[in-house]
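Asks: this one's structure only:
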């Protein structure tokens, strides 16, 4: 391979004047994590609400949950981001659209909200599976104790369901982090975006992408380790994984 | 507002969108699913084989691919494939690979990791008695896999495999980052040329949504049919 390797490139100043190329990548990493965390909070909240709705006896709620999940699952994430970023400001009333377009950090907010909603459909499906995997007796016991539906979910069903679905939620969180890379298309300079611009400025393709790859692998390792501790901590006594 | 929504822009772009864009998207989806399935099954067999080293290599590959964002993998292969081609053919310069070949290799390599996990679960869902019976019949390991285990594993996992293919169909839109004219790429080119972002992106969303919806309803029916048989 007649490629000009130069691993020292990371310590050379970047053309933006914001320090070295390494600093550029690290700022991308920070933005990736910020976007992912905000998206994950949105996904957890919206996903929990929709997931619960899918298990309620009410027909309307189930139907809404079904439609919500189908809507967000059957469109590519990239198309959804384009809808939020390019289409929404145009179809809103003029003033609102203009405000939206002039929002500082628009790519960041769009990405966080768009990816959050996209992931919320997946969280909802997981949570629904978790709730319906619980024995019927749990719900009945809650009712027998005189708990209202809200209390039953709050104190009995949800704590159990969330602990059961923690492992699949971990992979959804990892997916959220990976999905932030799609935001490169709306101009968010997250980790992949920074690696791409480093490649464009320095022509060191493989160094730039190797560094980004290593950073993604590190983030993965940290998240997986942290979640393993969390899993052990919240394990339900009496279950196979429990103490 | 939607008051000046221009349907005519969509109508005029239809041939370009479908003949050029959608053909690319569907061909890429189909071939990548096929390649991913073959390569993924090989990976799954490696992981389940008695050889520890083989299993570890396959495991590393799968974990590696699954911890990277697809966009990054697309960039990797886009820049790497010409060098691999040069190395394979012994040419003096990195060979130029077309957009299609480059994205096909990317998706086969990437999807193989996902398909391999599905096939692994499928193989593990076959009861122990099956391979035992096969070897009692005198079949070799390869024959057991080929005639007994894999067909059943494939059949059991068919709904999941199709679901993964729907995900793949949606993910192919990410070749947008290489300015390739897939369906979304075509829509986006028209959108930028005519300044009609709203129409084109909404239309693209509707098309992706409709196709994925129909496909996932099909999967649900298939699942019901398979469930009755068992």
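Replies: Looks like it arrived, so ask away. For clarity, every value in this text was computed on a predicted model and none was experimentally measured. Numbers count the residues shown, from 1 in each chain, chains lettered A, B, ... in the order given.
Asks: Okay, and the residue most central in space within chain A sits in which element?
Replies: For chain A, the residue nearest the mean C-alpha position is residue A:176 (2.9 Å; Cα atoms, centre = their mean). Applying DSSP states H and E as the criterion places residue A:176 in helix A:166-179.
Asks: Show me what counts as buried in the helix or strand following that helix.
Replies: Using DSSP H and E, the next helix or strand after helix A:166-179 towards the C-terminus is helix A:191-202. The neighbour-count check on helix A:191-202 (16 or more other Cβ atoms under 10 Å in any protein chain shown) flags A:191, A:192, A:193, A:194, A:195, A:196, A:197, A:198, A:199, A:202 as buried. Just so you know, the C-beta spots here come from the backbone N, C-alpha and C atoms, and that holds for glycine as well.
Asks: mind putting those residues in JSON lines, pLDDT and distance to residue A:97 included?
Replies: Listed next are those as JSON lines, based on pLDDT from 0 to 100; distance: Cβ to Cβ, whole Å:
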{"residue": "A:191", "pLDDT": "95", "distance to residue A:97": "30"}
{"residue": "A:192", "pLDDT": "95", "distance to residue A:97": "29"}
{"residue": "A:193", "pLDDT": "94", "distance to residue A:97": "26"}
{"residue": "A:194", "pLDDT": "93", "distance to residue A:97": "30"}
{"residue": "A:195", "pLDDT": "93", "distance to residue A:97": "33"}
{"residue": "A:196", "pLDDT": "92", "distance to residue A:97": "29"}
{"residue": "A:197", "pLDDT": "91", "distance to residue A:97": "29"}
{"residue": "A:198", "pLDDT": "91", "distance to residue A:97": "34"}
{"residue": "A:199", "pLDDT": "89", "distance to residue A:97": "35"}
{"residue": "A:202", "pLDDT": "86", "distance to residue A:97": "38"}
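Asks: and those residues near chain B, which?
Replies: Contacts with chain B are made by A:192, A:195, A:196, A:199 out of these, judged by Cβ under 8 Å from any Cβ of the partner chain.
Asks: Out of the residues you listed, the closest to residue B:159 would be?
Replies: Distance to residue B:159, by Cβ to Cβ, is smallest for residue A:192 among those, at 32.1 Å.
Asks: so what's that closest one up against?
Replies: A:28, A:32, A:181, A:184, A:212, B:69, B:71, B:72, B:75 (Cβ atoms under 8 Å, 6 or more residues apart in numbering or on different chains).
Asks: near chain A, which residues of chain B?
Replies: Within chain B, the positions near chain A by Cβ under 8 Å from any Cβ are B:1-2, B:64, B:67-72, B:75-76, B:79-80, B:83, B:86-87, B:93, B:170-171, B:173-174, B:176-177, B:184, B:188, B:191, B:197-198, B:201-202, B:204-205, B:208-209, B:212-213, B:216.
Asks: right, and the helix or strand after the lowest-mean-pLDDT helix or strand in chain A?
Replies: Within chain A, no helix or strand scores below helix A:94-102, which has a mean of 86 by mean pLDDT, DSSP states H and E. Using DSSP H and E, the helix or strand that follows helix A:94-102 in sequence is helix A:106-133.
Asks: for residue A:54, phi and psi?
Replies: phi -70, psi -20 (degrees, to the nearest 10).
Asks: nearest spatial neighbour of it, skipping sequence neighbours?
Replies: The shortest distance from residue A:54 to any non-neighbouring residue, by Cβ to Cβ, 6 or more residues apart in numbering or on different chains, is to residue A:65 (3.5 Å).
Asks: pretty sure that neighbour contacts residue A:47?
Replies: No - if you go by Cβ atoms under 8 Å, residue A:65 and residue A:47 don't touch, sitting 10.4 Å apart.
Asks: Overlap in contacts, those two.
Replies: What both residue A:65 and residue A:47 touch, as defined by Cβ under 8 Å, 6+ apart, is the set residue A:124.
Asks: Between these two, which is the more surrounded one?
Replies: residue A:47 (28 against 23; other Cβ atoms under 10 Å in any protein chain shown).
Asks: The more buried one is in what secondary structure piece?
Replies: Under the assignment here (DSSP H and E), residue A:47 is part of helix A:21-53.
Asks: Could you list every helix and strand in contact with that helix?
Replies: On a contact count with 3 or more Cβ pairs under 8 Å, 6 or more residues apart in numbering or on different chains; DSSP states H and E, helix A:21-53 meets helix A:59-73, helix A:106-133, helix A:166-179, helix A:191-202, helix A:205-234.
Asks: on that earlier part again, how close does the residue nearest to the centre of chain A get to residue A:44?
Replies: Taking Cβ to Cβ, to the nearest Å as the measure, residue A:176 falls 10 Å from residue A:44.
Asks: ok, now residue B:15?
Replies: Taking Cβ to Cβ, one finds residue B:15 at 44 Å from residue A:44.
Asks: So for those two, which residue has more residues nearby?
Replies: Per other Cβ under 10 Å, whichever of residue B:15 and residue A:44 has more neighbours is residue A:44, with 21 against 9.
Asks: Excluding sequence neighbours, find me the nearest residue to that one.
Replies: residue A:123 (6.1 Å).
Asks: Looking at chain B, which helix is longest?
Replies: The single longest helix within chain B, with elements called by DSSP state H, is helix B:197-229.
Asks: That helix to helix A:59-73, inter-axis angle?
Replies: Interaxial angle of helix B:197-229 relative to helix A:59-73 (axes from the mean of the first three to the mean of the last three Cα atoms, to 10 degrees): 110 degrees.
Asks: What mean pLDDT does helix B:197-229 get?
Replies: Mean pLDDT, helix B:197-229: 89.
Asks: Determine the set of other helices and strands touching that helix.
Replies: helix A:59-73, helix A:77-82, helix A:88-91, helix B:7-15, helix B:150-171, helix B:183-194.
Asks: follow-up on the earlier one: out of the residues of chain B next to chain A, which end up buried?
Replies: By neighbour count, with 16+ other Cβ under 10 Å, the residues of chain B next to chain A hold B:67-72, B:75-76, B:79-80, B:83, B:86, B:170-171, B:173-174, B:176-177, B:184, B:188, B:191, B:197-198, B:201-202, B:204-205, B:208-209, B:212-213, B:216 as buried.
Asks: Not counting sequence-adjacent ones, nearest residue to residue B:205?
Replies: residue A:79 (5.0 Å).
Asks: isn't that neighbour right up against residue B:173?
Replies: Yes - with contacts counted by Cβ under 8 Å, residue A:79 reaches residue B:173, the gap being 6.3 Å.
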